[in-house]
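Trainee: Mind folding the following:
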Amino acid sequence: MANVIQDLSHAAQRQAFALAIDKFLDHLNSAEDRTPTYLKLVDVAGQFYGKAAKPETLESVKKAIQDPDNRWVKFINRVLDETDPHVAKMTLLNLGYEAFFRGTKTIRANREKYGCNIPWLILFDPTNACNMHCQGCWSGTYGNKSSLSFEDMDKIVTQGKELGVYLYMLTGGEPLVRKKDVLRLAEKHNDAMFSIYDNSTLIDEDFCKEVVRLGNITFQLSIEGTPQTNDARRGEGHYDAVMKAMDLFKKYGILFGTSICYTRNNIEAVTSDEFLRFIADKGARFGFYFHYMPVGNNAVPELMPTVEQRRKMVERIRYVRSNQCDIGFYPMDFQNDGEFVGGCIAGGRNYFHINARGDAEPCVFIHFSDTNIHDNSILEMLQSPLFMEYHKGQPFNRNHLRPCPMLENPQLLREMVARTGAHGTNDESEESVEHLCAKCDDYAKEWGVVADQIWASKPHKKPAYENYTEEKREHPELAGFEKPLKKNA
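Mentor: Below you'll find the model as predicted:
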């Protein structure tokens, strides 16, 4: 009975938010100043979060909104002006209300209730089949060996929502090899948001029309700089396919960003002003940068960025997000933004990965598992020995520029796999944890010296909320926030 009442309350609250969003968008589309509408939205958010909303944060946001020259207010206005109205509504409702507002509160409560990590998003592979064979990528070598059934994907989303998870990212393989099932899943779960990492080659007019009709799908398109740097790794003709997909998304008002793997060979090309202005002009408004990881027996460690390149990357991404830069694009760096998310987010702390065979992996780059969606529920997977090792170990380093238990702290991954007996999940040829971590040992030592110098040069504030074990919450110095670290501390 309690669940029925809870469901009715949720439905009523969602409907109320939907009506409020309609009014919000109507006001934005009028000729009137948008500022009062934005300020009202901040007040609603503050009321919803209650004591968890810090007054100084709300006031800071309001101050920014009232500044006519604020870069990010202009950015938000541009995104809203470009986006199809139905896509904008569903994004605000599913990503805004369900994921950020209601989902965040539910997830935090469930972390306390179950004593384990509960993620904010779940990443899964509809299939490991891919129509491309990018240099150094494990996925293109798998072949069409494994796929999640529609029932598997439905189970992931259904059980995820029960825990408060309303954002689902799809990767692979190429997710749109399963185009019909992906659309069917988004339609069935029209209260969730789906974000697809895509190679652009299977996007056409008919597909875009379906995406607009549903409104709850967004995209990260893979691209790596110029036609030359892109096609050198991804194959001839891929760059042209990305350009076509971007043009279609812009035409239909579909929200999209980029997914960029930066390597030793392309890092300058994918971070230059010229490149960023170009993809912003094409309509990309956000992007995820991923450090090349030497995962799999066919990996190319020589593609890993140099230590000096990574140092520049830290500076570069922060500059592009600063008020000194006017490019209409918001980049996020999966490896170097650890300070803003409390270190490693894998193992269910903020996300985890389910591969096409159903294995639950702590991270899309950590191909080890001890639990599977065919045998366990989402909650049981999060409570598995390997995932609990992540929960107990996070943060893996006091320096959040060294967040990963593989790339920057390889001995820790060795130990966690050994303690739990987790098995390798590489579908091409199983890779031992020793083989994987040995490729990271020298890099971790070299980067550690530089990362500690960068970290020690600035003070670091303790976030208002952290998903760590009780011991590390009570002793925040274990996370390195209270004062700058001394060199090599």
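Trainee: And Asn190, how far from Leu25?
Mentor: Using Cβ to Cβ, to the nearest Å, Asn190 is found at 18 Å from Leu25. Every residue, glycine included, has its C-beta placed from N, CA and C.
Trainee: Contacts only, for the nearest residue to Pro301 once chain neighbours are set aside.
Mentor: Among residues not flanking Pro301 along the chain, Pro294 sits closest, at 4.4 Å (Cβ to Cβ, 6 or more residues apart in numbering). With Cβ atoms under 8 Å, 6 or more residues apart in numbering as the criterion, the residues that contact Pro294 are 300-301, 303-304, 436, 439-440.
Trainee: Determine the longest helix present in the protein.
Mentor: helix 2-29 (DSSP state H).
Trainee: Tell me the gap between the helix or strand that comes right after that one and the middle of its chain.
Mentor: Later in the chain than helix 2-29, the nearest helix or strand by DSSP states H and E is helix 35-49. Relative to the centre of its chain, helix 35-49 is centred 25 Å away, using Cα atoms, centre = their mean, to the nearest Å.
Trainee: Just the mean pLDDT for helix 35-49, thanks.
Mentor: Mean pLDDT, computed over helix 35-49, is 82.
Trainee: Of all the residues in that helix, which ones are buried?
Mentor: For helix 35-49, burial by neighbour count (16 or more other Cβ atoms under 10 Å) applies to 37-38, 41-42, 46, 48-49.
Trainee: and that helix, what other elements does it pack with?
Mentor: Using 3 or more Cβ pairs under 8 Å, 6 or more residues apart in numbering; DSSP states H and E as the contact criterion, the elements in contact with helix 35-49 are helix 2-29, helix 55-65.
Trainee: name the element the closest residue to Asp337 other than its chain neighbours belongs to?
Mentor: Excluding its sequence neighbours, the residue lying closest to Asp337 (Cβ to Cβ, 6+ apart) is Ile317, at 7.4 Å. For Ile317, the host element (DSSP H and E) is helix 307-320.
Trainee: Could the C-alpha coordinates of that helix be exported in CSV?
Mentor: Extracted in CSV, the C-alpha atoms of helix 307-320 (Å, rounded to 0.1, in the frame of the first residue of the first chain):
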residue,chain,number,x,y,z
VAL,A,307,52.8,13.7,-18.9
GLU,A,308,53.4,17.2,-20.2
GLN,A,309,50.4,16.9,-22.6
ARG,A,310,48.2,15.9,-19.7
ARG,A,311,49.4,18.9,-17.6
LYS,A,312,48.4,21.2,-20.4
MET,A,313,45.1,19.4,-20.7
VAL,A,314,44.2,20.2,-17.1
GLU,A,315,44.9,23.9,-17.7
ARG,A,316,43.2,23.9,-21.1
ILE,A,317,39.8,22.5,-20.0
ARG,A,318,39.6,24.9,-17.1
TYR,A,319,40.4,27.8,-19.3
VAL,A,320,37.6,26.8,-21.8
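Trainee: quick one on the thing from earlier: tell me the pLDDT of the residue nearest to Pro301.
Mentor: 95.
Trainee: Burial check on the residue nearest to Asp337, number of neighbours?
Mentor: 18 (other Cβ atoms under 10 Å).
Trainee: correct me, but it touches Gln335?
Mentor: No - Ile317 lies out of contact with Gln335 (Cβ atoms under 8 Å); the separation is 10.1 Å.
Trainee: is it true that His238 touches Asn199?
Mentor: Yes - counting by Cβ under 8 Å, Asn199 is a contact partner of His238 at 7.1 Å.
Trainee: Check which helix or strand Gly287 maps to.
Mentor: Counting by DSSP H and E, Gly287 is part of strand 286-291.
Trainee: May I have the strands that pair with that strand, each with its orientation?
Mentor: strand 256-262 (parallel), strand 330-333 (parallel) (DSSP bridges).
Trainee: what's downstream of the last one, the next helix or strand?
Mentor: Meaning strand 330-333. Assigned by DSSP H and E, the successor of strand 330-333 is helix 338-341.
Trainee: Enumerate every residue touching Ala109.
Mentor: Counting by Cβ under 8 Å, 6+ apart, the residues that Ala109 touches are Gly164.
Trainee: tell me the mean pLDDT over the helix or strand that it is a member of?
Mentor: Element membership of Ala109, judged by DSSP H and E, is helix 104-114. Helix 104-114 comes out with an average pLDDT of 96.
Trainee: Go through that helix and flag the buried ones.
Mentor: For helix 104-114, burial by neighbour count (16+ other Cβ under 10 Å) applies to 104, 106-108, 110-111.
Trainee: same thing with stretch 295-312?
Mentor: Residues 295-296, 299-300, 303-305, 307, 309-311 are the ones in stretch 295-312 that count as buried (16+ other Cβ under 10 Å).
Trainee: Fine by me, we can end here.
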